Every structure is written in structure tokens, then in C-alpha cells.
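Asks: got a structure for you, letters missing:
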């Protein structure tokens, strides 16, 4: 999910369901890109745009995907990607076969404009179906209108057995979040870590 002039990513969902021919095309393009960049061992993060004209690789990196992608893979497919990366680094067989069949979605909170964060309400806490939450902006600190993924303020991950239910619950949790940002004249750099004790339920 993305939106706005800067196209900052506001959510991810796993797993994706594609027609077999499209899925085969994606695998073919991704494998070619990985081979062309010389990645032979470890993780790679490859982003692909799928359209009526086929698919196109737009980004590739020799790293695990950010934006809680590893958390989503772990809860949707039962694959511990961090353990797998360690196994690869040590020359051991990596456990990459899915051991679960679920759905996960992450949603990111962003600031409506640049300024000083004065209050936050309704941010979710971990619990059944919400295995992971992270807030990274301090109350009283400077935050930015999203111009890059690094400007996202927090995230929550939702899991379940039904894709539509997971999407709806993730969106509902995001709608509950209320933040207030006052204008600030100071230079607004990267957000600084928050103390969760300052977050109101």
C-alpha cells in the first residue's frame, strides 16, 4: 500500500495471490535480477510492479526486506527468516519450507504534517491476533510529514486465517490511532525513539 506525492509505503500484506502465469513471470524476472546483481548467498529484497504488460523489477538489494517484512513472513508462513539467514551464513541447510498457512498485514502510522508530536491515543498493544507493535516517535519530539519510509512513526501487525478479515482488522486498528502535531519552527530531522509509557491507550 502506498499513497501521496512521495509514495511512502503505508502497509504490506502476505501472502499475495497471483494467477499462475503471473506468478511464474514474477519468479522469472526476480531470479534474473538476483543473478544479474551477483547475489549468491543470503537474503535479497526485490520489488516488482505487476501490470497488464507483465512485471518489472524496480528495486533489488542484498538484504532482508524492511517494513516488518520478516515479521510478516514468520507469522504468515511459519518461516523464521532470521534463523534461516544465520544458517546460510554458517553453511547449514536453511529451513525455508512454509510450516503455516495464514495471513498477515502491517499498517504504518504517519504524521499529517511536520511539527511537534504532542499526543497519541488509540495505538494498539500486542495481544491475540496482534503479535507485533512498534512506536518510534517521542511525545514532545519533532516528526515529519512522510517524505520517505523512515518518517513512519509506528506500526502494528495483524494475523489471522482469513485474508479479508486480516485486512479489515488492520485498517480498523489504524483508524483508531489519533495523533496531534503542533507546528514547529525547529529543524525536523529523523524521529527519535519513544518511551511507550507516554502513549495513551
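Replies: Okay, I see it. Predicted, not measured: the structure shown is a model, and the values here were computed from it. Numbering: from 1, shown residues only.
Asks: quick check: the gap between residue 132 and residue 100.
Replies: To residue 100, residue 132 is 15 Å away according to Cβ to Cβ, to the nearest Å. Glycine gets a C-beta too; all of them are placed from N, C-alpha and C.
Asks: which one's more surrounded, these two?
Replies: Neighbour count, other Cβ atoms under 10 Å: between residue 132 and residue 100, residue 132 has more, with 18 against 13.
Asks: so who does the residue lying closest to that one once chain neighbours are set aside touch?
Replies: Of all residues not flanking residue 132 in the chain, residue 157 sits nearest, at 4.1 Å (Cβ to Cβ, 6 or more residues apart in numbering). Residue 157 is in contact with 68, 71-72, 75, 104-106, 130-133, counting by Cβ atoms under 8 Å, 6 or more residues apart in numbering.
Asks: among those residues, which ones are buried?
Replies: Using 16 or more other Cβ atoms under 10 Å as the burial test, the contacts of residue 157 include 68, 71-72, 75, 104-106, 130, 132-133 as buried.
Asks: looking at those residues, which is nearest residue 166?
Replies: residue 105 (5.1 Å; Cβ to Cβ).
Asks: can you tell me the element that closest one falls in?
Replies: strand 103-109 (DSSP states H and E).
Asks: now for that strand, which elements pack on it?
Replies: Judged by 3 or more Cβ pairs under 8 Å, 6 or more residues apart in numbering; DSSP states H and E, strand 103-109 is in contact with strand 11-14, helix 69-77, strand 154-160, helix 163-176.
Asks: I'd like the average pLDDT over it.
Replies: For strand 103-109, the mean per-residue pLDDT is 96.
Asks: list the buried residues for the helix ranked longest in the chain?
Replies: For the chain, the longest helix by residue count, based on DSSP state H, is helix 20-37. Residues of helix 20-37 classed as buried by neighbour count (16+ other Cβ under 10 Å): 25-26, 29-30, 33-34.
Asks: which pair of these spans the longest distance?
Replies: Comparing every pair within these by Cβ to Cβ identifies 25 and 34 as the most remote, at 15.1 Å.
Asks: tell me the most buried of the helices and strands packed on strand 103-109?
Replies: Neighbour counts (mean count of other Cβ atoms under 10 Å) averaged over each of the helices and strands packed on strand 103-109 peak at strand 154-160, with a mean of 23.
Asks: what lines up beside it in the sheet?
Replies: With DSSP bridges as the test, strand 154-160 is paired with strand 103-109 (antiparallel), strand 132-135 (antiparallel).
Asks: give the next helix or strand downstream of the first one.
Replies: Think strand 103-109. Next element after strand 103-109 (DSSP H and E): strand 115-121.
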